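Trainee: Build the 3D model from these lines:
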Amino acid sequence: MQAEIISNGDELTSGKILDTNSQWLSIQLADIGITTLYHTTVGDDLEAMIGVLRTAVERTDLILWTGGLGPTADDLTRQAIAEGVGVPLEKNADSMRLIQEMFRRHGHKMPKTNEIQAFQPRGALPIHNPHGTAPGIDFTVQRQKPFKNGRLDFFRILAYPGVPAEMKEMWYDSGQKSIQEMLDQLTGQKRVLRFRTIHSFGLGESQVEAMLPDIINRKHDPKVGITANQATITLRIASEAVTEEECFKKIEPTATLIYQTLGDLIFGEGEDRLQEVVCRKLTVLGKTLAVIEAGTRGLLAEAIAGSKELPDCFAGGIVLPPKQPIDTDEMIRRGRRLFNVDYLLLIGAYPPGQPDRNRTEETLVAVVDARQTDLQKSVLVLQNYPYVGHPNIIDDLYVKRALNLLRKIISKNP
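Mentor: Below you'll find the predicted structure:
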């Protein structure tokens, strides 16, 4: 089954608001084994919306639509779907009752304009919206003629409000389950799709792929995808089977091979970020940390303080001028004076100007044992990294380099 996601609204086509709904829904569809072929964004124009729908019907089986279900004159999704399919709009009594009840709970009388939100294309089912006045639309339509690619004799439209919080809740409440049930019926058996994601840092995407040439190809079972995001390389193993247990059993040999091949390049799985991994390990060890940073201008401290497992281990940080050269020994002395911690994590100053592949300047990153009284012996690891990389990721790259050095130190020498 292949899908198209349609988002509508003048605020999207004008660029005033970023369409995050399509990205999020694509991820949810992939998690149940559905490929999204198209993302389409259309303004609040009825004829354009009808045209987009008819095009989607010709090339996909499943359409997820977000936006345009409000009560105002430019909320045209209900009408576009009805006219695009060729059916009238009809008032749904249950939807009307729920909308009126929501206004009563908030102590308001329902405006006349909100009545339109209770209308659905004939034959469609409303999708309950627990925290909004806009019900969604679940519409399965038999095709009038055989589908060009010969896959299904019907198509299905699920329309949700454009408000991300409402859309996500409605998806979790019913959308995900109903699509999974539909897939089970189509295949004649219950399908379970499970994933395992493994994160690494230290090599580029092409280097990691070259280390694992036999598993990152379309014929490998289970399938393995590789992605890069801000210098973190993620391997995503996808397995389909009848039970969850079978899925993870199929995944295990591939995961083991990845771990054996990449070794300590791997820092975590699932939702792990480097800062979470480091904070978790420090907390288990009962160790504490402070940072002193120049080039990254406080971003290292921000990453640690923003950890989902906000650490008792983090004592704070010092931010120094980003481009003014600073003596390493002085950075260590300053950190010791201000913080009573086990480790200091240092990022030095950046060279002047933007990073460039032809530069020879370097920026220091170091991990310091703050309990060691001998200044020279206290430096556990010091790396001078060339100041190269895309300007948009250079800060994140240095933050991760620092965290990764500390991760390796505390993993090997607790």
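Trainee: if I look at residue 90, how far off is residue 98?
Mentor: Distance of residue 90 to residue 98, given as Cβ to Cβ, to the nearest Å: 16 Å. (C-beta placed from N, C-alpha, C; glycine too.)
Trainee: what are the ranges of the strands in the stretch 151-300 of the chain?
Mentor: 154-160, 192-201, 223-229, 232-241, 266-269, 289-293 (DSSP state E, counting those that start in this stretch).
Trainee: now the ones you listed as JSON lines including mean neighbour count?
Mentor: Output for the strands of the stretch 151-300 of the chain, formatted as JSON lines (neighbours: other Cβ atoms under 10 Å):
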{"stretch": "strand 154-160", "mean neighbour count": "22"}
{"stretch": "strand 192-201", "mean neighbour count": "19"}
{"stretch": "strand 223-229", "mean neighbour count": "15"}
{"stretch": "strand 232-241", "mean neighbour count": "19"}
{"stretch": "strand 266-269", "mean neighbour count": "18"}
{"stretch": "strand 289-293", "mean neighbour count": "26"}
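Trainee: of the ones you listed, which approaches residue 382 most closely?
Mentor: Evaluated over the strands of the stretch 151-300 of the chain, closeness to residue 382 peaks at strand 289-293, with 13.4 Å, by Cβ to Cβ.
Trainee: Quick one: mean pLDDT over that closest one.
Mentor: Regarding strand 289-293, the rounded mean pLDDT is 96.
Trainee: what's it packed up against?
Mentor: Here strand 289-293 touches helix 299-305, strand 314-319, helix 328-338, strand 343-347, helix 394-412, going by 3 or more Cβ pairs under 8 Å, 6 or more residues apart in numbering; DSSP states H and E.
Trainee: Can you give me the buried ones in stretch 269-283?
Mentor: Of all the residues in stretch 269-283, those buried under the rule 16 or more other Cβ atoms under 10 Å are 272-282.
Trainee: That stretch: how far from the chain's middle?
Mentor: Centroid separation for stretch 269-283 versus its chain: 17 Å, with Cα atoms, centre = their mean, to the nearest Å.
Trainee: Show residues contacting that stretch.
Mentor: Contacts to stretch 269-283, defined as Cβ atoms under 8 Å, 6 or more residues apart in numbering, come from residues 196-199, 201, 232, 267-268, 288-289, 303-304, 306-314, 343, 400, 403-404, 406-407, 410-411.
Trainee: One more pass at 6 Å, please.
Mentor: For stretch 269-283, the external contacting residues (Cβ atoms under 6 Å, 6 or more residues apart in numbering) are 197-198, 267-268, 289, 303-304, 307-309, 311, 313, 400, 403, 406-407, 410.
Trainee: Give me the angle between the least confident helix or strand in the chain by mean pLDDT and strand 192-201.
Mentor: Least confident helix or strand of the chain, by mean pLDDT, DSSP states H and E, is helix 176-187 with a mean of 87. Orientation check (axes from the mean of the first three to the mean of the last three Cα atoms, to 10 degrees): helix 176-187 against strand 192-201 gives 120 degrees.
Trainee: ok, and what's touching helix 176-187?
Mentor: 32, 190-191.
Trainee: is it possible to export those residues to a markdown table including distance to residue 321?
Mentor: Converted to a markdown table, the contacts of helix 176-187 look like this (distance: Cβ to Cβ, whole Å):
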| residue | distance to residue 321 |
| --- | --- |
| 32 | 50 |
| 190 | 61 |
| 191 | 57 |
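Trainee: Quick check on those: which are buried?
Mentor: Buried among the contacts of helix 176-187 by 16+ other Cβ under 10 Å: residue 191.
Trainee: just the contacts of helix 176-187 now: which is nearest residue 391?
Mentor: residue 32 (37.9 Å).
Trainee: quick one: that closest one from residue 193, how far?
Mentor: Residue 32 sits at a distance of 6 Å from residue 193 (criterion: Cβ to Cβ).
Trainee: Repeat that for residue 294.
Mentor: Applying Cβ to Cβ to residue 294 and residue 193 gives a distance of 46 Å.
Trainee: What strand or helix carries residue 134?
Mentor: Applying DSSP states H and E as the criterion places residue 134 outside every helix and strand.
Trainee: contacting residues for it?
Mentor: Here residue 134 is in contact with 69-70, 117, 161 (Cβ under 6 Å, 6+ apart).
Trainee: tell me the phi and psi of it?
Mentor: In terms of degrees, to the nearest 10, the main-chain angles of residue 134 are phi -100, psi 100.
Trainee: Quick one, grab the pLDDT at the closest residue to it other than its chain neighbours.
Mentor: Leaving aside its chain neighbours, residue 134 sits nearest to residue 69 (4.0 Å; criterion: Cβ to Cβ, 6 or more residues apart in numbering). We note a pLDDT of 94 for residue 69 in this prediction.
Trainee: from what I can see residue 69 touches residue 77, true?
Mentor: Yes. Residue 69 is within contact range of residue 77, at 5.4 Å (criterion: Cβ atoms under 6 Å).
Trainee: What degree of burial does residue 74 show, as a neighbour count?
Mentor: A count of nearby residues for residue 74, using other Cβ atoms under 10 Å, gives 13.
Trainee: sorry, back to before: of all the contacts of residue 134, which comes closest to residue 249?
Mentor: residue 161 (39.8 Å).
Trainee: which non-adjacent residue is nearest the closest one?
Mentor: Spatial nearest neighbour of residue 161, excluding adjacent residues (Cβ to Cβ, 6+ apart): residue 134 at 4.4 Å.
Trainee: where does the stretch 1-150 of the chain have low pLDDT?
Mentor: Within the stretch 1-150 of the chain, the stretches with pLDDT under 70 are 145-150.
Trainee: picking that back up, got a ChimeraX select line for the buried ones in the contacts of stretch 269-283?
Mentor: Command for ChimeraX, covering only those of the contacts of stretch 269-283 found buried under the criterion 16+ other Cβ under 10 Å:
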select :197,198,267,268,289,303,304,307,311,313,400,403,406,407,410
